[in-house]
Each structure stands twice: as structure tokens, then as C-alpha cells.
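Engineer: Sequence below, structure please.
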Amino acid sequence: MEETKLWRDMTREEKGALLLAHYEGKVIQEDFGSDWIKADPTWRDCLQYCVKPEPLREQVKIYGRGLYWCDAKKRVPQDTHVISFMLVDGEPDLDSLSIEKL
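Structural biologist: I've put the predicted structure just below:
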């Protein structure tokens, strides 16, 4: 997370950026001890505020291998299915899980 300042120490530009983000519906967080919590900001001089960062999203694909006989002496691996899902901040999003036959 970027370095934050108390509301009273922010420049007009920094305050304006937070106010615009709040107006646009972005989640504003405030420092609550050692945790950052979602805020309905009251813009107190003694608190720190930031825009909640967008989650890191990553597509994952896992290919499944089956076996088939190409002749009597050797087996050749072949992908038969692909499992795909999204990781959101490193956690699997189970609603995005799909399995497809190739």
C-alpha cells in the first residue's frame, strides 16, 4: 500500500483525489489501529485515508493429461481437459471455475 498521511497533512490535491474517488463510488478505507477498514468517511484530521486497491486478478489454466495407445509399445500423453479459474489476490474464485474438454 502506498504511504499515507493524516487528513490534516494532505495537500489539497491529495484530498481532492480522495474526494473524487469517494464520489465515483470507490471504496475508501481509513486506518483503524493496525487494520484498514471500509469507511463512510467523515474526513477527520486525525485519521489516515486511502482508496482501497483494486484486487490483483490472474487467470490460471491447468491442463489434464490422459493416455492413449499410439502403438503396442509406447504410450503418448495427450491433454484431454483444461481447468480454468481466476485467482483474486492469490485466492481462487470458485465462481469462475470451468472445465472444458479439448
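
Engineer: From here on, just use CA atoms for contacts and neighbour counts.
Structural biologist: OK.

Engineer: quick one: residue 24 from residue 18, how far?
Structural biologist: Distance of residue 24 to residue 18, given as Cα to Cα, to the nearest Å: 10 Å.

Engineer: More neighbours: these two, which one.
Structural biologist: The neighbour count for residue 24 versus residue 18, taken as other Cα atoms under 10 Å, is higher for residue 18 (20 against 9).

Engineer: right, and the more buried one touches residue 51 too?
Structural biologist: Yes - between residue 18 and residue 51 there is a contact under Cα atoms under 8 Å: 6.9 Å.

Engineer: Now list whatever residues contact both of these two.
Structural biologist: Taking Cα atoms under 8 Å, 6 or more residues apart in numbering as the contact rule, the neighbours common to residue 18 and residue 51 are residue 28.

Engineer: which secondary structure elements does the lowest-mean-pLDDT helix or strand in the chain contact?
Structural biologist: Among the secondary structure pieces of the chain, namely its helices and strands, strand 35-38 has the lowest mean (mean pLDDT, DSSP states H and E), a mean of 72. Packing partners of strand 35-38 (3 or more Cα pairs under 8 Å, 6 or more residues apart in numbering; DSSP states H and E): strand 28-32.

Engineer: mind listing what the strand it packs on pairs with, with the direction of each?
Structural biologist: Strand 28-32 has the following sheet partners, assigned by DSSP bridges: strand 35-38 (antiparallel), strand 49-51 (antiparallel).

Engineer: Can you list the buried residues in it?
Structural biologist: By neighbour count with 16 or more other Cα atoms under 10 Å, strand 28-32 contains the buried residues 28, 29, 30, 31.

Engineer: So the third one sits against residue 47, correct?
Structural biologist: Yes - using Cα under 8 Å, residue 30 makes contact with residue 47 at a distance of 6.8 Å.
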